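>>> let's see this in three dimensions:
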Amino acid sequence: MQTNKEEMVTKRFSFLNAIEKIGNLLPHPAILFVLLITILMIASAIASAYGLSIDDPRKVGSQISIVSLLSMKEFVHFASHTVSNFTNFPPLGTVLIAMLGVGIAEASGFLSTAIRALVLNSPKKLITLIIVFAGIMSNLVSDFGYVVLVPLAAMIFHSLGRHPLAGIAAAFAGVSGGFSANLLIGTLDPIMSGITQEASRLIDPTYVVGVEANWYFMCVSTFLITFLGYFVTEKIVEPRLGKYQGEVEEGGIKKLSQLEKKALLFAFLGVSIYVALVLLCILPQDSLFRNPKTGSLIGSPFFKGIIFFVFFSFAIPGIIYGLITKSIKNATNIVEAMAGGMKTMAMYLVIIFFAAQFIKLFEWSNFGPYLAIQGANLLKSADLNPALLLILFVLVSATINLLISSASAQWALIAPIFVPMLMLLGYAPEVIQAAYRIGDSTTNLITPLLAYLPVILAVAIRYKPDTKMGTMISMMFPYTVAFLIGWCFLLYLWVFVFNLPVGPGAALEYVVNKP
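Now for the predicted structure:
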């Protein structure tokens, strides 16, 4: 009977199993990036020899040419920037600093006890829903979701006797797949609206795109992505992963002792006082932590230095908890706890070294912009129905995102093509921006060029040492499909059926040659 059940599960997920098998033929992520660097160098040399180039839409009369990475000039450039490529890799410092604080919280026992308390006091059916939602909202605080929430989700699922990789998938889906969805305006919104405004002024020099241009649509999208993330985790990903063969005992999660409850209470009291002090620093309109030009928290020193506050938000409760339970007896124990947190990052550092080199070389070769513009031109040349064209634009954006994972860099590159083109077809820039953000978010989960993928892999390997790129892609692929279909359907209903504004005061249509 058990064999028949296993066969049914295998057949049910045969397509995803095939993706995993193909993906797992790939070598270790570190070796994979070495091979990709080799292929990229050879391909760039061949493309450069044939004079591959394309007109740059950002500069009239300028072209983007493929640069040979095998030339002596580029080799010298690469050799002299190897260290800076690694040390300047965006997630590196963020992850390491956060892990110093997390290391204290973990070694003291605070994290495991807090998770046990959460599990014992929360409706277990809502855990997945809460994790996906928290992942979406975590985008307000920069890298918090990748660095903190993903490992926490794995720990929560593991403590419940569920597969920790399913927890990783749920958190990753919210953080990365729901990157553009949020209930609040985040740090990405002013960047996106600024680029959109500049592109729209190629048609209308007076057009203004506000920071809140997509707020309504993204608010509703938050609930859609939360539900879809919950559904895919519960019905597809976790059943496919099966039962985790870990250390969770049959007896379930132990109840908290009186000492643990006392320590947890004081730890949360300590972090509450800390949060109150932080709020006192950032809430005043004349605070130095606010944006000096606008007075807003958007683009402020607070958000730019958020990891500083994240470190203490883990270190403070960890130290308090450890002192009360005697798991921390002196300052040396605190230092040892931080060192322990660094030990878990060894594999991450190896992978990210090679990943950083590949991403930088890919940028220097100009392959990303070249392929992005070629795809945009192909879409522009297709004489399609405007509604179909908008959805197709989402798909093209999703495809380009596999090559250029930075939302702002990709939009800065293709906005001068797509915004004027779709404005001439009658769409307002705000709608075009919303469509782009759908495509940009959905394939974050399956692109090997995502800067934070080594972070996710490192966490997964801790629970399942044989985790490879294929495992991750096959696990996240259902989320990409579900988010893409669900989000496109929402966009269609929003724009074509209900004719709703995507943001406060945002138009749906742009009238060409309006009086």
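>>> spatially central residue for this protein, please.
For the chain, the residue nearest the mean C-alpha position is Ser176 (2.9 Å; C-alpha atoms, centre = their mean).
>>> so who does it touch?
By C-beta atoms under 8 Å, 6 or more residues apart in numbering, the residues touching Ser176 are Gly135, Gly145, Tyr146, Ser441, Asn444, Leu445, Leu450, Tyr452. From N, CA and C alone the C-beta is placed, and that goes for glycine too.
>>> for it, grab phi and psi.
With angles defined as degrees, to the nearest 10, Ser176 sits at phi -100, psi -50.
>>> any idea how far it lies from Met476?
8 Å (C-beta to C-beta, to the nearest Å).
>>> and if you look at Tyr230?
15 Å.
>>> Tyr207 now?
Taking C-beta to C-beta, one finds Tyr207 at 37 Å from Met476.
>>> neighbour count winner among the two?
Met476 (24 against 19; other C-beta atoms under 10 Å).
>>> in contact with the closest residue to the more buried one other than its chain neighbours, which residues?
Spatially, and ignoring its direct neighbours in sequence, Met476 is nearest to Leu445 (3.9 Å; C-beta to C-beta, 6 or more residues apart in numbering). Taking C-beta under 8 Å, 6+ apart, we find Leu445 in contact with Phe172, Ala173, Ser176, Gly177, Met476, Phe477, Tyr479, Thr480.
>>> max pairwise distance over these: which two?
Distance extremes for those: the farthest pair is Ser176 and Phe477 at 13.2 Å, using C-beta to C-beta.
>>> any idea how far the residue nearest to the centre of the chain is from Lys124?
Ser176 is 25 Å from Lys124, by C-beta to C-beta.
>>> how long is stretch 396-414 end to end?
As for stretch 396-414, its first-to-last residue distance stands at 11 Å under the measure C-alpha to C-alpha, to the nearest Å.
>>> how close does Leu297 sit to Leu389?
In terms of C-beta to C-beta, Leu297 sits 37 Å off from Leu389.
>>> got it, and Pro301?
41 Å.
>>> those two: which is more packed in?
Shown here are Pro301 and Leu389; by other C-beta under 10 Å, Leu389 has more neighbours (20 against 16).
>>> surely the more buried one meets Leu424?
No. If you go by C-beta atoms under 8 Å, Leu389 and Leu424 don't touch, sitting 11.3 Å apart.
>>> pull out the buried residues from the helix or strand where Phe418 lies.
Here Phe418, judged by DSSP states H and E, is contained in helix 407-424. Using 16 or more other C-beta atoms under 10 Å as the test for burial, helix 407-424 gives 407, 410-423.
>>> between these, which has the least confident prediction?
Confidence by pLDDT is poorest for Leu413 among those, given 73.
>>> Phe362 versus that one, what's the distance?
Distance, Leu413 to Phe362, by C-beta to C-beta: 14 Å.
>>> tell me who's in contact with Val102.
Val102 touches Leu111, Val148, Pro151, Phe314, Gly341, counting by C-beta under 8 Å, 6+ apart.
>>> what are the phi and psi values at the first one?
In terms of degrees, to the nearest 10, the main-chain angles of Leu111 are phi -60, psi -50.
>>> which strand or helix spans the residue nearest to it when sequence neighbours are not counted?
Closest residue to Leu111 apart from its sequence neighbours, by C-beta to C-beta, 6+ apart: Ala105 at 4.8 Å. Using DSSP H and E, Ala105 maps to helix 90-107.
>>> what are the buried residues along that helix?
Buried residues in helix 90-107 (16+ other C-beta under 10 Å): 91-92, 94-96, 98-107.
>>> lowest-confidence one in those residues?
Within these, pLDDT reaches its minimum at Pro91, with 65.
>>> ends of stretch 116-134, what's the gap?
End residues of stretch 116-134 are separated by 18 Å (C-alpha to C-alpha).
>>> model confidence for the residue nearest to Met476, exactly?
92.
>>> can you tell me how far it sits from Ala482?
Distance from Leu445 to Ala482, by C-beta to C-beta: 11 Å.
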